[in-house]
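sequence and computational prediction follow.
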Amino acid sequence: MTETRWLSGREQRMWRAYNDMCRYLVQALDRQFAAAGLSSADYELLVPLSEAPEQCLRARDLGRMVHWDRSRLSHQLRRMEQRGLLKREGCSDDARGVTVSLTPEGRKAIEVAAPGHVETVRRLFVDELTPEEVDMLTAISYRVLSRTAEESLGPGKSIYVATIDPEA
């Protein structure tokens, strides 16, 4: 059995500060989404739909884009469809598939929420970093994401594949 590699005081401060930062940023974004009448899950699905050609995607592709399992995606899509933000229809070229389309109400919802979202991200995060820190944080994030993609997470191995385009 190998000995536990405990975090040093410096590493522990970094890890706790990082966790607190993520938690507080998520809470601030959740409040901003709620003010716009959305949840963070709503927004997470509305973004790729709003950016897709004809604002329509296959459900499986949408799930892959947001890294959600089928069950979570299905439940969230059902809730959003009940609220008129999107519609689901059988896929014309595959009887087993489902297409998800943004409705005019969904389009309006993201158009209302997006300016506040980007302002919150900019005010609380981006504006606090120098251009060099932005590049450094981007590089660190890609490296950590690549490493986590290599790890086996059991039967549901991570669907996040390190195919990150650094230029995107």
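That came in fine, so what should we check first?

may I ask which helix or strand of this structure has the lowest mean pLDDT?
strand 94-102 (a mean of 84; mean pLDDT, DSSP states H and E).

and it, what's buried?
The neighbour-count check on strand 94-102 (16 or more other CB atoms under 10 Å) flags 98-100, 102 as buried. All C-beta spots, glycine's among them, are computed from the backbone N, C-alpha and C.

for stretch 23-30, same thing?
So, applying 16+ other CB under 10 Å, buried residues of stretch 23-30: Leu29.

can I get the CA coordinates of it in PDB?
C-alpha atoms of stretch 23-30 as PDB (Å, rounded to 0.1, in the frame of the first residue of the first chain):
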ATOM      1  CA  ARG A  23     -18.800  27.500  -5.800                       C
ATOM      2  CA  TYR A  24     -19.300  31.200  -5.500                       C
ATOM      3  CA  LEU A  25     -19.100  31.800  -9.200                       C
ATOM      4  CA  VAL A  26     -21.700  29.100  -9.800                       C
ATOM      5  CA  GLN A  27     -24.000  30.600  -7.200                       C
ATOM      6  CA  ALA A  28     -23.700  34.000  -8.700                       C
ATOM      7  CA  LEU A  29     -24.500  32.600 -12.200                       C
ATOM      8  CA  ASP A  30     -27.400  30.700 -10.800                       C
END
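
picking that back up, which strands and helices sit next to the least confident helix or strand of the chain?
Counting contacts by 3 or more CB pairs under 8 Å, 6 or more residues apart in numbering; DSSP states H and E, strand 94-102 is packed against helix 40-51, strand 56-58, helix 59-66, strand 86-91.

between these, which gets nearest to Asp127?
helix 40-51 (20.8 Å; CB to CB).

now the closest one, how far from the centre of its chain.
8 Å (CA atoms, centre = their mean, to the nearest Å).

and Arg83, how many neighbours?
Arg83: 15 surrounding residues under other CB atoms under 10 Å.

distance check, it against Ser39.
10 Å (CB to CB, to the nearest Å).

circling back: closest one to Leu77 out of the buried residues of strand 94-102, please.
After measuring these against Leu77 - CB to CB - the closest member comes out as Val100, at 6.2 Å.
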